[in-house]
Each structure stands twice: as C-alpha cells, then as structure tokens.
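>>> for reference, the sequence and a predicted model appear below.
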Amino acid sequence: MNWEAVIGVEIHVRLKSEYKLFCSDRAVFGGEPNTHICPVCIGLPGALPVLNSEIVDLALRTALAFGCTIHFESVWARKSYFYPDLPKGYQITQFEHPLATKGSVTFPGSKGDTSVKIRRVHIEEDAGKLLHDRVPRASAIDLNRAGTALVEIVTEPDLRTAADVRLFLGELKQTLEYVGASNCNMEEGDLRVDANVSVRRSGSPRLGNKTEIKNVNSFSGVERALSLEIARQIATLEAGSVVGQQTLRWDDHREELRKMRSKEESHDYRYFPEPDLSPVRVTQEQVTTVLESLPELPRVRCSRFKKVYELRDYDAEVLTQSAANADYFEELVGIHIDPQVAAKWVVGPLQGLMNQRRENAQTVPVRPAQIAALIGLIERGVVSESAAKSVLVILAQEGGSPSDIIEARGLMQEQDIGQLTSWVTEVLAKRSEEVARYRGGESKILGYLVGQVMQSSGGTADPRLARDLLIKQLRNE
Amino acid sequence: MSVSARDVQRIGELARLHLEDDELERLTSDLNAILRHVDSLRDLGSTKRPEDSSQIGSKLESVSREHVEGPDKLREIPADFAPEWKEGFFVVPAPPGVHPSGDQ
Amino acid sequence: MSLQDKVLSSSEVLNFGGSGFRSLDDIKELEGGREGLNAFLAVAEPEDLEACGQGPLEGVMVALKDNICTKRLPTTCGSRILKGYRSPYEATVVRRLRRAGALIAGKTNLDEFGMGSSTENSAFGPTLNPVDRSLVPGGSSGGSAAAVAAGYVRMALGSDTGGSVRQPAAFCGVVGIKPTYGRISRYGLIAFASSLDQIGTIGATVLEASLLLEVVSGHDTRDSTSAEKPVPRYRDAAVQGIEGMVVGIPTEYFPEQLDPPVRALLDDACERLVAAGAEVRPVSLPHTEFAIPCYYVLATAEASSNLARYDGVRFGARLPAEGLDRMYELTRGNFGAEVKRRIMLGTYVLSSGYYDAYYGTAQRTRASIAHDFTAAFNEVDVLFTPTSPTPAFPLGERVLDPVAMYLSDVFTVTANLAGIPGLSVPIGTVGGLPLGGQLLGPWWGESHIIAAAGALEASYREDT
Ligand SMILES: [Zn+2]
C-alpha cells in the first residue's frame, strides 16, 4: 500500500494598504529603521489602537475572492507571547470570531482541477523585525513593519502532495494580485507560509500525527520543505516508529528543516477579546459593493475567453495570467479586432515589447487604439507584419500614429511590380542552388526564397505579391 | 480550584516574572485565597443569562479611522526613552539559540 | 463671591484665579515639609506651565494622577518599572485641560498601575489621608483625592477601574465622579484594565468636579471606545435640583453587617433627598454578590495583558542581564507585590484549560450585573448606596490581606462592570472621619447623579 500526505497551509498575506492597521504610520518596506513608528505601533504606555477602515475593504476583497462567507461582526483578540519584535507583548488578531469562513480555491493541480476548502480568513497585525547582524553581540529591532496589516488565510487539510501545494499557492497568489488585495512581492515577505503535514496509508480515514513547518517565504521552499518532511515521515513510519508532533523551521539557505526548541513552541497564547477595539462591523451593502468591484477571477475569465472568443488554451491562459493583459486584449476586441488576431498580438509582439521595457499592459505606452490602427494597416496591405513589429517598437519610443510612422520611415509595403520584380530577379540570380532544388521538385524551398526577397526589400515587400512573382519567374525560366 | 507551587512557577514563566522562593510561597497561598473567593462565580454557572454578550464596548458605535495622517508622530527619536539604542535600532540581548553576527 | 455664585452669575468665561488658591510654591512647601502627605510624585516648575487657552478653567491649577501621560512631567504609574519615564506624547485629557485654560500643577501618587484601594502600593511610598495622617487616603487615586482634600488644588483627575476615584474621594471627604465608560478619552491613560478603566474627576465641591468633567469629556478619534455623544453642561446639572426624581435604594448595598453609625448617615442622606423633592424606593440588584470575584477575574486578565509591554525593550527601566529571557524576568521583577499578584492571577485565568471556567464565566456574570442595572433604571432615575462599607482604615491594616483589601471595593466595582456613571459625595462623618454616599446613574446619566449630589451637598451646607 502507498502512503498519502495530508497537508493544510496557513498563509500570511501583507495587504496593499498605504497605512498601518491601527495607527497613521505609513506601511512601507525598507527605508531607514524605526522611522515609521508612533506611540501606538511601538506599544508605548497609554497608546490605543484605532482601526484603519481601508484595511477592512482589502480583507473583504480577499475573502470574497475565495467565495467565503463574511461575518457581519468579527471580534479582535489579543494573542499573547513575549518576543522583542512584538511591541505590546500581544498581537492584535482575530480568533473566535474571524472576518470570514468557509471559502474555496480551485486550481489546476497535478491530477487535474483540484479544490481546497478555505477554513477562515482573518485580519491581524504584523510584528517588527529582529536583526542579528547589525550590532555586536546583540539583536537589533526595527519596528517599521510592526502594526502593518496582514490577512491570514487558513485552509482545510485538503492538499495531498508538495507539488500541489506549490500549484495551489500559485493560484492563490494570482488571485490576490488580481483582486488588488496584495502586491504579493515575495522578496519583501508579502506572502509567508506555514504548513502542517501528516502521512497515512492511502485511503485511510485516520490522520497521523502532524508536524508544522514554519517560516517559509518562497513557494519552491514550501515544496522542498514539504517533500523532505513527507519523505522523513514515511521513513519513520516504515521503520515502525511514531512521528512526534513538533514544529520545524525551514532554513532556506541550508535547505533543511530544523526542530524548534521546545520552549519556542510550547506557547499558551491566552487569547481573549481585545477590549480597546469594538468589533468590526460589516454591512450587506459593503459586501455587495466590494463584490461588484471585484474583477472576474483568472480561471473564470480564462474559460470565458476560450468559449466566447474561441481562443486556444495557451493564448487564453497566458492572457488571463494578468488582469492587465486580459483587459488590454478585451479592449482590442472591443474596437473590432478579430479575437484571434488580438490574442496573437498581445501574447506575441506586445508581450515581447513589455518584457523588453520591463512594463506591464497598464504602463506600456502603446495603447490598444494604436495597435488596432496598426492591425488595420496590415489587413489593408499597407504594411507587412514584420515591418509592423518595428512600427510597434517605434510607437513605444516616440508615440504618434502608426500611419505617420510608416510614412515617415518609408515602411509602406512595396506593391510596385517593377520594384518587386527587380528584387525577385536579384534573389534568383544569387540563389541558383535553391532555384535548382525548387525546380527539382522541392517546392517548400519557396518560403526561403520569399524570405530572401523580404530581406532584400528591408521588410517592405508585399509578401503575397513577392511570392506570386517568384513562382511566375521560376516557371518561366 | 487551587494552584500548587509548581503551577505558580509555570504561570510565572508564562508571564516572564522572576519569583524568589519566598515570593513563590506567598503567591501560592495568596492566589489560593483569591481563587477560593473567585470560585463562588461558578455557583452562578448554571443559572440562565439575560444576554450572551457582555462586551461593554459593543454598546458603543464601531469607531474606525479613514486613513489620515494623525498628529501623534514621534517627534523625538526613541533614543530619549529607549533603554538601549544604537544606529537607529532598539537593542536587546539576543534571544536564546541566536548568535548575533554583527561586526565591529 | 462663592464659586457657585460665579457660575450662576455669569455664562461667560469663569475666572477661578485669585485668593484661596495655592501656588506651585505653596504646594512644594506643604509637600516638602514634615506635614507632607506624599500626595504628589512631581510638582510642576513654573516653566512647565505652558501657555494655555482661555476657557472655563483659565488659570486653574489641576493635579493629574500619575498614570496620565504628560510630556513636561514624568509619568511613573507609581512603579519602579517606569521610574523617570517621560512620555513622548501627552494624553487627550491633558490637551483638553490646557485648551480650557487649566495649569497642570503636578502628578499625584497612586497604587502602582492603579492596583489597590489604599495608595499603599506605590513604589514611592504611601500617601497620607489629610483628615488623619494615620489613615489611608483610599486608592488608587489617593494622591489626587488627598491633594484636593488638603486644599493643594481644587480639582484633580484620577482614574477609576473598580472605584479608584469614588472610594478615595469618600475617604478624604471630597467629590469624585466616574463617568460612563466612553465618556472621556482613555488615550494617554496608562491602562490597567481597558474595559473597566475610565478617567474620573475629583473636586472640592460637586460643581468643581462637574465642571472638570465637562471640560475633559467628549469624543476622541484616538480612542475607539470613546463615544460620539454631545457633552451636556454638567456645571448646570450641579445646581438644577431634583424635584420629582426617583431614587432607588438597592437592598444588596445595605447588608446587615453595615455599622449602625454608617447606616444612620445613609438613612439621613435618604431623608435629605426626599426633602429636596425626590421620591425614594427600594430596588434589587440580585447579582451584586458576584461582582467582586467577577471583577477580579476580568480586571486581572486584562491587566496581565496590558502590562506585558513593560519588558525593558523599548522604554522604561531595564535591568541588565545575560540573555533575553533573564533580562525579561529581572526587568519585570521590578513590579511591586500587588502588581505581580494580579499579573499572576490574570495569566492563570486566561491560560489554556482555565479560560472558560474563569474568564468565560466572569464575562457572563458581567452581563448579568449590567442587566440588573438596566432593569433597575427602568424603575428609577438614580441609585443611592454607600461608596464604601467603612470610612478610611489605618495604614498597614489590610496590606497583608489581599482579599480583605479587594472587598473594600464591593460597592464600587459594579459601576465599572456595567459601564454606568457613579459619583461619591460626602454625607457626614463617622467618628470624625468622612463617609461617602454613592450615586449611580444609567448610561450617559451623569447629569442625574450630579443633580442628586448637588442637592445633597446643598442640604449639608445649609446645616452649617
Ligand atoms: Zn504607528
């Protein structure tokens, strides 16, 4: 019989809010240490938290994106423990009554579409940072991050393989970006993952002892840590031993799991309702407003693109990976560009341009109307496709209208038979070997010869006319 | 319910309070005296409650803040009130198991 | 012209300056001498008196309990752990006082972090009762009550978590008001138990305590639990009379064991209320007996959490030690015995396995106590009770018996648990010691209890 892993994850997501959760400091990454702090977020005596309402909306976007049930009243709680990066000696979080429960995420897993239930989504404040390489023989504390807003997303133990966990996290990240809840910048620690895992005989209803893996901030790290831990648990069980309940810390540099000291993990958090804050109250109206403002989620949009625009799977998936690309595409379709052609341009040349310029579909200077005009010029034979790609680059650099650029730079497609004939004659004279092969029956060599004519013309030749002229001359001689 | 000296020791660790032996002994007897009194609460345990929520705060409107810059920025640097402050950081002895690598 | 005449004769700005009021030098001299009460932990220097606004307290010296954050003066909470601590920001009430023209005379002594009923738990020595220096002034706002009773200042702010304004006011023979929870901003009040703490006012007269209340009340965007309710002119309530008011007498607050002379004074006060036009009738608050255990579970649970920030990391006194854990334990070992006792109890009742039995039960009991009051206030406008079962007790008498000390709050903790306003007003003396009568009102019913207290005060004034 085979072994099966049972995995649940908790993801801490930094919300994209401008200010901290309970004070008016800016939530900024980096910068001089301890410059974005105030009496509230460093826990000075007498300071009190006041909820920043912007953050509730961001958390609602998150919860609604996963189809969660929103609770109209959720309650803040204090989670107590001592650590130098936790200013008040407790973290303000939500415990018994979270903002939202019972959602789900469906993602393309290794065995096809896979569903993971979301147990809860709640809001909490982040701690500061404890640094061990700044001052000699001591630890340094930077509290700029203390009090910034997080949501914690907790799944049911519905995942079965380390690879699926990674795919699930990818889907989750994409959704969070899509709905604008988080920047999901992994380098800045916007997403941090804890996972709990146990192993059992496949099909067994009983759960084994689980271990918890903490402190992982890359998806590949999660996958590697889980793979290692699953293998270790299987080996333990096969050797007839018992897996001990424990907490493990992932060391990203050494690629290893290390057992946390028992004192570190034996927390008694003494949760109780936060008396300084009234419960978070959300109205049906607020929920409706947020729901209406949510963009269509990637997977829904992807299948709509396939169905409505009859796009290939690949194009639909690539287009919907970012909301901005998908929006760009639909704008093109909206100005009467054939969906297939529009998809080809966004996935191909436009994406190439954006990669090169390190821009996205929102920031790239070439707007859909300009590309639509360019496509129109191709269809009317004014410019060749290859020349059009150069026009695109110039559009990005200089702006303006495609027809002006084509005219100014002489990029019109050459349709003058005299000019075309001279290029064709020139190519045939130079490429006698290929001409012979064509005449010997190797008709597919024609494409190569057309390419040569295009090259001679600097891309301006009308390829259809060039091809006709080539065939005519090859047959005549 | 009553507490033993060991319980009190454990609570002291949880609360990060250093207790001398005589303090431990006193606290154990004090806490037991208080708990005997507090246990009368549990006689009430079975009677019916008029309300299930006693959050006094829930009588108040929920207050939240639109994101505006508040006036309570720290005008002086924390060096003025921090027990140890170096190069812009609050400084503490390293937590157990950590070996700081700061040079100088 | 008396203070009251001034209020009645002028709707304009009141001028409290002039004769009869102590200067900073007077206070320093009195406190520094052999007759000193140790009421003040810090007295302001003239240069600390910042330019102030022109409001109803223009030029008036006001003392602050030393758990209210000030920038100019240290804020110690009566604790070694905050010795010398200077807050980098100031409490909302301090800002409001200055806007009203008040001058901050100094910071008054208290039981460490407000935990106590006698001001003997201060790390900086006890405060003496000005009526009799062998007695405690009550607590935890003992310094503020003593400073007003001794005439150092006419008004002071205290804080009241379980009776800490009303009980010392009663012991010192002055007036103390704990308003409705949410009436006064707690921003800058160093927390003891957040759901129970409320800043309160102490005055030599009902009018002064009421005027001070009027000045510091009102919504504050920095305190989520402060209410957006308009502030009535409490100074007018103090003189408006009580014709037709219905006063409830809760039987549970008049137990058999009450000393006969205490009971006699309370009966006399009831007669005076009737004489002033009120109707008096008995009511019942059946959950009263559970108030003290309920209070000590909730207050200590919140305190254990509120006091976790005193860890020697970011502010305050740190005891140097090898390693973080040792630093925490030694630094926090600086707390006094009573504070440690309460942190321990609070940590225990919140700890895994005990939460429901203690904290959960106490929360439900709190709801029952609050419900008792709601029911009573459907019948009556205010309630009248003793503030404390006894007058001031001798220094040292209860220090070693925490339960006996806790029981001296038996009549005051209910107002904090229910969030309702309470007031203590002098109702005569027992063996030369002042006794306080307590008036309790419904949520936002400060004006009613001030009116009733004003009527009582006027009645006693007529005796003399
Ligand atoms: Zn802040």
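Yes, it's here. Numbers count the residues shown, from 1 in each chain, chains lettered A, B, ... in the order given.
>>> buried residues of the longest strand seen in chain B, list them for me.
Taking DSSP state E as the criterion, chain B has its longest strand at strand B:89-92. For strand B:89-92, the neighbour count (16 or more other C-beta atoms under 10 Å in any protein chain shown) marks B:89-92 as buried. Backbone N, C-alpha and C define where each C-beta goes, glycine included.
>>> how about stretch A:411-421?
A:411-414, A:420.
>>> low-confidence ranges, the stretch 51-200 of chain C, go.
Along the stretch 51-200 of chain C, the model assigns pLDDT under 70 to residues C:51.
>>> name the SS class of the closest residue to C:Ser217 other than its chain neighbours, please.
Closest residue to C:Ser217 apart from its sequence neighbours, by C-beta to C-beta, 6 or more residues apart in numbering or on different chains: C:Val231 at 4.5 Å. Three-state call for C:Val231 (DSSP: H, G, I helix; E, B strand; the rest coil): coil.
>>> so what's the residue count around the residue in the stretch 1-150 of chain A positioned nearest to chain C?
Nearest to chain C in the stretch 1-150 of chain A, going by C-beta to the nearest C-beta, is A:Gly89, at a distance of 2.4 Å. Residues within reach of A:Gly89, counting by other C-beta atoms under 10 Å in any protein chain shown, total 23.
>>> what about the closest residue to it other than its chain neighbours, distance to the ion?
Once flanking residues are discounted, A:Gly89 sits nearest to C:Ala308: 2.4 Å by C-beta to C-beta, 6+ apart. C:Ala308 sits 18 Å away from the ion, going by C-beta to the ion, to the nearest Å.
>>> where along the stretch 351-464 of chain C do the strands fall?
For the stretch 351-464 of chain C, applying DSSP state E, counting those that start in this stretch gives strands covering C:382-386, C:422-430, C:433-440.
>>> is chain B contacted by the second one?
No: contact of strand C:422-430 with chain B (C-beta under 8 Å from any C-beta of the partner chain) is absent, the minimum separation being 14.4 Å.
>>> so the residue nearest to A:Gly89 sits in a helix?
Yes: assigned with three-state DSSP, C:Ala308 falls within a helix.
>>> contact partners for residue 457?
No chain in the question, so chain A it is. A:414, A:419-420, A:423, A:466 (C-beta atoms under 8 Å, 6 or more residues apart in numbering or on different chains).
>>> actually chain C
For C:Glu457, the contacting residues are C:175, C:205-206, C:425-426, by C-beta under 8 Å, 6+ apart.
>>> and it, how close does it get to C:Val239?
Relative to C:Val239, C:Glu457 is positioned 10 Å away (C-beta to C-beta, to the nearest Å).
>>> can you check C:Ile104 too?
For C:Ile104 relative to C:Val239 (C-beta to C-beta), the value is 28 Å.
>>> follow-up on the earlier one: which one of the contacts of A:Ser457 sits closest to chain B?
Using C-beta to the nearest C-beta, the contacts of A:Ser457 come closest to chain B at A:Glu414, 59.6 Å.
>>> the closest one: what's it in contact with?
By C-beta under 8 Å, 6+ apart, A:Glu414 lies in contact with A:420, A:457, A:460-462.
>>> coming back round to it: just the contacts of C:Glu457 that are near the ion?
Among the contacts of C:Glu457, no residue sits close to the ion (C-beta under 5 Å from the ion).
>>> which one of the residues you listed is nearest chain A?
Checking the contacts of C:Glu457 one by one against chain A (C-beta to the nearest C-beta), the nearest turns out to be C:Val175, at 25.7 Å.
>>> so C:Leu417 makes contact with C:Pro293?
No: look at C:Leu417 against C:Pro293 with C-beta atoms under 8 Å: they stay out of range, at 11.1 Å.
>>> which of the two has more neighbours?
Of the pair C:Leu417 and C:Pro293, C:Leu417 is the one with more neighbours under other C-beta under 10 Å, namely 28 against 25.
>>> could you check how far that one is from C:Leu298?
Going from C:Leu417 to C:Leu298 by C-beta to C-beta gives 8 Å.
>>> for the nearest residue to A:Arg439 once chain neighbours are set aside, which three-state class applies?
Ranked by C-beta to C-beta, 6+ apart and with sequence neighbours excluded, the top spatial neighbour of A:Arg439 is A:Leu474, at 7.0 Å. Counting by three-state DSSP, the backbone at A:Leu474 sits in helix.
>>> quick one: contacts for A:Leu474?
So A:Leu474 contacts A:428, A:435, A:438-439, A:446 (C-beta under 8 Å, 6+ apart).
>>> got a PyMOL select line for the buried ones in the residues you listed?
Under the burial definition 16+ other C-beta under 10 Å, those of the contacts of A:Leu474 that qualify are selected in PyMOL by:
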select buried, chain A and resi 428+435+438
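>>> quick one, helices of chain B?
Ranges of helices in chain B, per DSSP state H, are B:5-14, B:21-38.
>>> how about the contacts of A:Glu414, which pair is most distant?
Greatest spatial distance among these (C-beta to C-beta): A:Leu420 and A:Thr460, at 9.9 Å.
>>> re earlier: count the residues that sit near the residue nearest to A:Gly89.
When neighbours are defined as other C-beta under 10 Å, C:Ala308 has 24 of them.
>>> dump the contacts of A:Ser457 to TSV, plus secondary structure and pLDDT.
TSV is the format used below for the contacts of A:Ser457 (DSSP: H, G, I helix; E, B strand; the rest coil; pLDDT from 0 to 100):
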residue	secondary structure	pLDDT
A:Glu414	strand	72
A:Gln419	helix	83
A:Leu420	helix	85
A:Trp423	helix	89
A:Ala466	helix	86
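>>> which one of the residues you listed sits closest to C:Tyr85?
Nearest to C:Tyr85 among the contacts of A:Ser457, counting by C-beta to C-beta, is A:Glu414 at 84.5 Å.
>>> name the residues that touch whatever helix or strand A:Glu407 lives in?
Using DSSP states H and E, A:Glu407 sits within helix A:402-409. Residues from elsewhere that reach helix A:402-409 (C-beta under 8 Å, 6+ apart): A:370, A:373-374, A:377, A:382-383, A:387-388, A:391, A:394-395, A:398, A:411-412.
>>> out of those, what pair is the most spread apart?
Between any two of these, the greatest separation by C-beta to C-beta is 19.0 Å, found for A:Val382 and A:Glu398.
>>> ok, back up a step: can you pull the contacts of the residue nearest to C:Ser217?
Contacts for C:Val231 (C-beta under 8 Å, 6+ apart) come out as C:214, C:217-218.
>>> again with C:Asn67
By C-beta under 8 Å, 6+ apart, C:Asn67 lies in contact with A:46, C:75, C:77-78, C:110, C:113-114, C:159, C:189-190, C:192.
>>> that older thread, and the helices of chain B: which comes nearest chain A?
Judged by C-beta to the nearest C-beta, the one of those that comes nearest to chain A is helix B:5-14, at 5.9 Å.
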